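Could you work out the structure for the sequence below:
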Amino acid sequence: MLQRNAAENIHRVEDAYTNWYLVADGRDLTVVDTGHPASWKSLHGALRDLGHSPADVRAVVLTHGHFDHMGFAKLAQSELGVAVHAHTRELPVVRRPWHYDHENSRLPYARYPGFLKIFTAMSVAGALAVKGVERVEPYEDGATLDVPGRPQVVFTPGHTHGHCSLHFPDRGAVIAGDAFVTLNPYTGHRGPQIVAGAATADSATALRSLDALAMTGAQTALTGHGPPWTDGVERACDLARAAGPS
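Numbers count the residues shown, from 1 in each chain. Predicted coordinates for the structure are as follows:
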């Protein structure tokens, strides 16, 4: 599902309850996160719908390397000839997207109907067959990336040790990745919250990282799961802190 201009010249694509983004800068595009393997087909459909071609894609930037954000990263690198960018501390997960630190087992979350529905959809979209990427362009905290849209890196560890969000101050938007979400894939709960401990390395750190997100002052937050939040990122962070770990 393509949502045009979820924020100014940032288009959201949702596949199997996971969002990824196309950031437009004139004719040039940056892909932020890459969904599931089935999202490769969605990429080409979205490019057609937006009047772009695969040649317009200049870079892939990852907020983090979990399997549901790595779907077509390797294909984009090999087929489109673009670099894949990730934070230095995230490289081990980018290379092995199913191997990451997490606080809790997934099994207790099977009691939530939303968990079974969401992870069945992810499996159908190819989540179990995700490939890692070995050749990665590392970026650091606070950098302004030399890719279309020129996002500013906001270091937001906790969900993973190298998780980052991407701030677009000229567009009043931040792509928060899974620093917080508006749909928790493990519980099915809606509204701003950090992701459940089954996929989060350190919930306490994730909650502290909300301070860095709030400081962006962005009006719109675009998350890895769930609809856009347009009522100010500071408000979203307050709600996520109140919701706490799950």
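
looking only at pLDDT, what's the mean for stretch 88-107?
Stretch 88-107 shows a mean pLDDT of 96.

Show me the contact partners of it.
With contact meaning CB atoms under 8 Å, 6 or more residues apart in numbering, stretch 88-107 is reached by 62, 64-67, 69-70, 73, 84, 86, 130-134, 136, 138-140, 157, 160-164, 186, 196-203, 245. Where C-beta positions appear, they are placed from N, C-alpha and C, glycine not excepted.

Report the buried members of the residues you listed.
Neighbour counting by 16 or more other CB atoms under 10 Å classes 62, 64-67, 69-70, 73, 84, 86, 130-133, 136, 139, 157, 160-164, 186, 196-203, 245 among those as buried.

Once you drop chain neighbours, what's closest to Asp141?
Phe155 (3.9 Å; CB to CB, 6 or more residues apart in numbering).

List the buried residues for the least confident helix or strand in the chain by mean pLDDT?
None of the helices or strands of the chain scores lower by mean pLDDT, DSSP states H and E than helix 113-124, at a mean of 95. For helix 113-124, the buried set under the neighbour-count rule, 16+ other CB under 10 Å, comprises Gly114, Phe115, Ile118, Phe119, Ala121, Met122.

In contact with the second one, which residues?
The contact partners of Phe115, by CB under 8 Å, 6+ apart, come to Tyr109, Pro185, Tyr186, Thr187, Gly188.

surely the first one meets His189?
Meaning Tyr109. No - using CB atoms under 8 Å, Tyr109 makes no contact with His189, being 11.0 Å away.

Of those two, which one has the most company?
Tyr109 (23 against 17; other CB atoms under 10 Å).

Who are the contact partners of the most centrally placed residue in the chain?
What sits nearest the mean C-alpha location of the chain, by CA atoms, centre = their mean, is Gly177, with 3.3 Å. Going by CB under 8 Å, 6+ apart, Gly177 touches Asp33, Thr63, His64, His69, Thr156, His159, His163, Cys164, Ser165, Leu166, Thr223, Gly224.

What does the pLDDT read for Ala110?
89.

who touches it in this structure?
Leu116.

Helix, strand or coil: sort out it for me.
Classification of Ala110 by DSSP: H, G, I helix; E, B strand; the rest coil places it in helix.

which residues in the protein form strands?
2-7, 10-15, 18-25, 28-32, 57-61, 83-87, 137-139, 152-155, 164-168, 173-177, 181-183, 190-193, 220-223 (DSSP state E).

could I get those strands as TSV with distance to Arg96?
Shown next, in TSV, are the strands of the chain (distance: least, CB to CB, whole Å):
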stretch	distance to Arg96
strand 2-7	30
strand 10-15	22
strand 18-25	19
strand 28-32	21
strand 57-61	17
strand 83-87	13
strand 137-139	16
strand 152-155	22
strand 164-168	19
strand 173-177	18
strand 181-183	23
strand 190-193	27
strand 220-223	24
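
Select, out of these, the one closest to Thr230.
Distance to Thr230, taken as CB to CB, is lowest for strand 220-223 among the strands of the chain, at 5.2 Å.

how distant is the closest one from the center of its chain?
Strand 220-223 sits 10 Å away from the centroid of its parent chain (CA atoms, centre = their mean, to the nearest Å).

could you say what helices and strands that strand packs with?
strand 2-7, strand 18-25, strand 173-177, strand 181-183, helix 233-243 (3 or more CB pairs under 8 Å, 6 or more residues apart in numbering; DSSP states H and E).

If we go by neighbour counts, what in it is buried?
Here strand 220-223 shows Thr220, Ala221, Leu222, Thr223 as buried, counting by 16+ other CB under 10 Å.

Before I go, just wanted to say thanks for your time.
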